[in-house]
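**Student:** coordinates only, sequence not included:
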């Protein structure tokens, strides 16, 4: 079983739609959690951190459920420019980040 | 300011040859990471440097892979006797020590072993 699991998608949604991605992690001792975004043939970039209390940044909301070892990302009012692969990332200890395989989102006009 | 740079951007090599990939991190970033990403796959951790030392080499897939970092800056990843399964994009990232979650990635080196 992979340490960080994501549905690879693709999720095909129309502009303006709300879409949610989920991620599960296997290590109950994991300490911190993040979403990165990777555009096609580009490098990953940090999108946002994920806190137990929830974290909102504009149209993006991230949630963490430690009991279920589950992380989510909600995108409201999808834009064409949101089309990318979204990587769920877990920090277990120190400087180590473990990346999920990513969920691909395609927003269509 | 300048971001993470990597060279070469693309490398095609014959099976059995050695290759050397270079990473130049953001100035002041003491932590440096190497990952590889195969087509359609997630990022696979290879090695991490704090300064010039590598406290975690657990991700190196075989003894054909080695990496070094000198002067707390530039790092090189060397793959000896390349195999076709080594074909991937090799990504380097750097971060401040106390903000390891915020890694800045370079554009990667696309390695193709023929």
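**Tutor:** Arrived safely. Keep in mind it's a predicted model, so treat the numbers as computed, not measured. Residues are numbered from 1 along each chain as shown, chains lettered A, B, ... in the order given.

**Student:** next to chain A, which bits of chain B? Give me the list.
**Tutor:** Residues of chain B lying near chain A by CB under 8 Å from any CB of the partner chain: B:31, B:33, B:35, B:41-43, B:45, B:48, B:50, B:55-56, B:91, B:95, B:97, B:100-103, B:105-108. From N, CA and C alone the C-beta is placed, and that goes for glycine too.

**Student:** write a PyMOL command that selects only the buried members of those residues.
**Tutor:** Of those, the buried ones go into a single PyMOL selection, burial set by 16 or more other CB atoms under 10 Å in any protein chain shown:
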select buried, chain B and resi 31+33+35+42+43+45+48+50+56+91+95+100+101+103+105+106+107+108
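
**Student:** pLDDT weak spots in chain B?
**Tutor:** Scanning chain B for pLDDT under 70 picks out the ranges B:1.

**Student:** mind listing the strands for chain A?
**Tutor:** Taking DSSP state E to define them, one finds strands in chain A at A:4-6, A:11-14, A:19-25, A:32-38, A:44-50, A:55-57, A:60-65, A:70-75, A:84-91, A:97-99, A:103-108.

**Student:** so which of these gets nearest chain B?
**Tutor:** Comparison of the strands of chain A against chain B by CB to the nearest CB identifies strand A:97-99 as nearest, at 4.1 Å.

**Student:** surely residue A:15 meets residue A:78?
**Tutor:** Yes: between residue A:15 and residue A:78 there is a contact under CB atoms under 8 Å: 6.0 Å.

**Student:** what about the two, which has more around it?
**Tutor:** Ranked by neighbour count (other CB atoms under 10 Å in any protein chain shown), residue A:15 and residue A:78 place residue A:78 first, with 21 against 12.

**Student:** distance of that one relative to residue A:18?
**Tutor:** Distance, residue A:78 to residue A:18, using CB to CB, to the nearest Å: 7 Å.

**Student:** quick one, what contacts residue 30?
**Tutor:** Here I'm looking at chain A. Residue A:30 makes contact with A:69, A:90-92 under the criterion CB atoms under 8 Å, 6 or more residues apart in numbering or on different chains.

**Student:** sorry, should have said chain B
**Tutor:** Residues near residue B:30 by CB under 8 Å, 6+ apart: B:50-51, B:72, B:96-97.

**Student:** the helix or strand of chain A with the lowest mean pLDDT - contacts with which helices or strands?
**Tutor:** Ranking every helix and strand in chain A by mean pLDDT, DSSP states H and E puts strand A:97-99 at the bottom, with a mean of 91. With contacts taken as 3 or more CB pairs under 8 Å, 6 or more residues apart in numbering or on different chains; DSSP states H and E, strand A:97-99 sits against strand A:84-91, strand B:43-50.
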